[in-house]
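In: Here is a sequence together with a model predicted from it:
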Amino acid sequence: MNIFSLQTRLPREFKNLFRLITMTLVLVSIGSVNTFSSVPVFSGKTDVGRVLIPGSMQSDSLSGTIRMTGNGENIWGSQDAFYFVWNKIDGDLSCIADVAWEGKGVNPHRKAGWMVRTGLESDDAYIDAVLHGDGLLSMQYRKMKGDITSEVQFPIKGALKIQLDRTGDQFTFYVSTKDGIVHPVGTITLGFSGTLYAGLVVSSHDSTVKETAIFSNIQFSAKGFVPDDKRIVESTLETMDIETGVRTLIRRAKEHFEAPNWGRDGKMFIYNSGGKLFSLPAAGGTPQPINTDFAIHCNNDHGISWDGKQLAISHHAEDGKSLIYLLPIEGGTPRLITKQGPSYWHGWSPDNTTLVYCAERNGQFNVYAISVSGGEEKQLTSAPGLNDGPEYSPDGKYIYLNSVRTGQMKIWRMNADGTEQIQFTPNDEFCDWFAHVSPDNKQIVFVSFDKNVEGHPANKNVVLRTMPTAGGDIKVIAKLFGGQGTMNVHSWSPDSKRFAFVSYRLVTP
């Protein structure tokens, strides 16, 4: 006997009260499902492309899981075939879930994860963050309808959690491993406009079989459209392992900070924010201000002496021009080194006796050297156009710099006395800035803009690249949103195994 048949047996005077109690219980029950369910509701369920076995989905609000079974030849190339559960979204988005496969599967390239797509046709533009059957994690994207798919891979197989965020035109992929550490994988800018489809996907990568994935701890947060003028900068200090390519998030905050130095003891970072300098434990934590006394208008040209005892800063004096100062690494009163400005510090000689920097004199930017005691500066370059970013090699033999003297900003190398200046990175589709030499003197890492970008502005799509100091092929090792402030100064770890940089996003306040 159910509760609705029970009311027919009650006295008439209790029937109205019974109806009220019953409706209250029903409303509470409905409300509890909508309020407390940990599984998002997807309004659409679609097989995209040529699918021989229809897909299916089972949602379990008690366990907080979604079990999805899909078919399809692949998500790749210019045509896709997969099962898709989705919601229509406009604007910013954050998608997070643990992903696991059910069973061993047939094809190691089966895919399951998050997708944001411009339409439901097989060749529509999209971006996804997916777990493959063999544990590979990658962010795949097709920029325009009918284009070929591109990919950014995470170097470690398997993960606890994957996350795909949309902030404006930027899409960022994060992976959290079993140790709880968050690893940024990459940021791609895609000009997707209007209403998009966003949700979970499964593709078997074999049209003759179906595969099942389990999604748990699911968060689907559509944040809506945010005008560009209402966004703020979010800065993320990251490190990259030069051998594995793994990026690790050290600090992320909705504030603007720039240009990390890695301490010579490997235990801390120094970066600038709002004209001041801060230290941060290498493992992350709470940043602490560095006492720079009167110098509270510091820019991102700062660095640590090779013996780890002194800090060079570039502080904008009362006339607004940057001058170079030295102070103890623990903080103190800065001592003026350059009398003329603007002067922007960039490098220490390995014997800690000489500074090199970029300076404007008579309307021309060139590279100069000066003793740590001050005195007369020595001009090392005279080529027309901007000559910037000088940094010594660890053996003191060379100075690397970036110069636009041939019409395209490229990395150059010269002897420490300024002689034998040669172009080091070849002309290609990029402009190269700020070469930093690993402490073992084996390679340089630098930031590259599209060659059509003038200068080194902020908030641009950039890549980080490496090249052997002995010469050889250039390798792209990271794609991110950044530019100015990303890697202006030396940021290698003392053991040459990792380096630090800052990536950016434009997010909601």
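Out: Happy to help now that I have it.
In: what about stretch 164-184, distance to the chain center?
Out: Stretch 164-184 sits 8 Å away from the centroid of its parent chain (C-alpha atoms, centre = their mean, to the nearest Å).
In: Only the C-alpha atoms, please, for that stretch, written as PDB.
Out: The C-alpha coordinates for stretch 164-184 follow below in PDB (Å, rounded to 0.1, in the frame of the first residue of the first chain):
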ATOM      1  CA  LEU A 164      39.600  21.400 -19.200                       C
ATOM      2  CA  ASP A 165      38.900  25.100 -18.700                       C
ATOM      3  CA  ARG A 166      37.700  27.800 -21.100                       C
ATOM      4  CA  THR A 167      38.500  31.400 -20.200                       C
ATOM      5  CA  GLY A 168      37.500  33.600 -23.200                       C
ATOM      6  CA  ASP A 169      39.300  32.300 -26.200                       C
ATOM      7  CA  GLN A 170      41.800  30.300 -24.200                       C
ATOM      8  CA  PHE A 171      41.400  26.600 -23.400                       C
ATOM      9  CA  THR A 172      43.700  25.100 -20.700                       C
ATOM     10  CA  PHE A 173      44.300  21.500 -19.900                       C
ATOM     11  CA  TYR A 174      45.400  20.400 -16.400                       C
ATOM     12  CA  VAL A 175      46.200  17.000 -15.000                       C
ATOM     13  CA  SER A 176      46.300  16.000 -11.300                       C
ATOM     14  CA  THR A 177      48.300  12.900 -10.600                       C
ATOM     15  CA  LYS A 178      47.900  10.500  -7.700                       C
ATOM     16  CA  ASP A 179      50.300  12.500  -5.600                       C
ATOM     17  CA  GLY A 180      47.800  15.400  -5.800                       C
ATOM     18  CA  ILE A 181      50.100  17.700  -7.700                       C
ATOM     19  CA  VAL A 182      48.500  19.800 -10.500                       C
ATOM     20  CA  HIS A 183      50.300  19.800 -13.800                       C
ATOM     21  CA  PRO A 184      49.400  22.300 -16.500                       C
END
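In: so is the nearest residue to residue 268 once chain neighbours are set aside in a helix, a strand, or just coil?
Out: In space, residue 268 comes closest to residue 279 once its chain neighbours are excluded; the distance is 5.1 Å by C-beta to C-beta, 6 or more residues apart in numbering. Yep, even glycine has a C-beta here, placed from its N, CA and C like the rest. Residue 279 falls in the strand class when you classify it by DSSP: H, G, I helix; E, B strand; the rest coil.
In: Tell me what residue 279 is bridged to.
Out: residue 270, residue 288 (DSSP bridges).
In: That one reaches residue 270, doesn't it?
Out: Yes: shown here, residue 279 and residue 270 form a contact pair, counting by C-beta atoms under 8 Å, at 5.5 Å.
In: more crowded one of those two?
Out: Taking neighbours as other C-beta atoms under 10 Å, residue 279 and residue 270 compare with residue 270 leading, 23 against 19.
In: Could you say which helix or strand holds residue 341?
Out: For residue 341, there is no enclosing helix or strand under DSSP states H and E.
In: ugh, wrong one, residue 338
Out: Using DSSP H and E, no helix or strand contains residue 338.
In: Pull the contacting residues for it.
Out: Neighbour list for residue 338: 323, 324, 357, 359, 370, 374, 377 [criterion: C-beta atoms under 8 Å, 6 or more residues apart in numbering].
In: out of these, who's nearest residue 187?
Out: residue 357 (31.3 Å; C-beta to C-beta).
In: tell me, how many neighbours does the closest one end up with?
Out: The burial count for residue 357: 26, using other C-beta under 10 Å.
In: Can you say which helix or strand has the closest residue to it other than its chain neighbours in it?
Out: Nearest non-adjacent residue to residue 357, counting by C-beta to C-beta, 6+ apart: residue 345, 4.8 Å away. Under the criterion of DSSP H and E, residue 345 resides in strand 343-348.
In: Average the pLDDT values over that strand and round to the nearest integer.
Out: In this model, strand 343-348 has an average pLDDT of 98.
In: Neighbouring strands of the next helix or strand after that strand in the sheet, and parallel or not?
Out: Note on strand 343-348: by DSSP H and E, the next helix or strand toward the C-terminus is strand 354-361. Note on strand 354-361: by DSSP bridges, its sheet partners are strand 343-348 (antiparallel), strand 364-371 (antiparallel).
In: So what's the gap between the last one and the chain middle?
Out: What separates the centre of strand 364-371 from the centre of its chain is 33 Å, taken as C-alpha atoms, centre = their mean.
In: for the next helix or strand after that strand, the distance to its chain's centre please.
Out: Counting by DSSP H and E, the next helix or strand C-terminal to strand 364-371 is strand 374-379. The chain centroid and the centroid of strand 374-379 are separated by 39 Å, computed with C-alpha atoms, centre = their mean.
In: what's the angle from strand 374-379 to strand 364-371?
Out: 140 degrees (axes from the mean of the first three to the mean of the last three C-alpha atoms, to 10 degrees).
In: Give the pairing partners of strand 374-379; include direction for each.
Out: In the sheet containing strand 374-379, the strands it pairs with under DSSP bridges are strand 364-371 (antiparallel).
In: buried residues in the partner strand?
Out: For strand 364-371, burial by neighbour count (16 or more other C-beta atoms under 10 Å) applies to 365, 366, 367, 368, 369, 370.
In: measure the last one to residue 310 for me?
Out: This means residue 370. Distance of residue 370 to residue 310, computed by C-beta to C-beta, to the nearest Å: 14 Å.
In: that older thread, quick check: the residue nearest to residue 357 touching residue 313?
Out: Yes: taking contacts as C-beta under 8 Å, residue 345 lies within contact range of residue 313: 7.1 Å.
In: and the two? which has more neighbours close in?
Out: Neighbours per residue (other C-beta under 10 Å) separate residue 345 from residue 313, with residue 345 holding more: 29 against 25.
In: and the gap between that one and residue 251?
Out: Where residue 251 is concerned, residue 345 sits at a distance of 24 Å (C-beta to C-beta).
In: repeat for residue 398
Out: 33 Å.
In: now swap in residue 168 and tell me
Out: Counting by C-beta to C-beta, the gap from residue 168 to residue 251 is 22 Å.
In: re the thing from before, whichever of the contacts of residue 338 end up buried, select them in ChimeraX.
Out: Provided next is the ChimeraX selection string for whichever of those are buried by 16+ other C-beta under 10 Å:
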select :323,324,357,359,370,377
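In: Got the domain ranges for this structure?
Out: As given by automatic domain parsing, the domain ranges for the chain are 44-224, 230-507.
In: Other residues contacting the strand holding residue 345?
Out: 299, 301-306, 312-314, 321-324, 354-359, 368, 388-392, 399, 489-490.
In: Give me the buried entries from those.
Out: 299, 301-306, 312-314, 322-324, 354-359, 368, 388-392, 399, 489-490.
In: So which of those belong to strands?
Out: Among the buried ones among the contacts of strand 343-348, the subset assigned to strands under DSSP state E consists of 303-304, 312-314, 322-324, 354-359, 368, 388-392, 399.
In: hey, where'd the helices end up in the stretch 401-509 of the chain?
Out: For the stretch 401-509 of the chain, no helices turn up when DSSP state H, counting those that start in this stretch is the criterion.
In: likewise the stretch 1-150 of the chain?
Out: Counting by DSSP H, counting those that start in this stretch, the helices of the stretch 1-150 of the chain are 3-6, 12-36.
In: Find residues that contact each of residue 279 and residue 270.
Out: Joint contacts of residue 279 and residue 270 (C-beta under 8 Å, 6+ apart) are residue 290.
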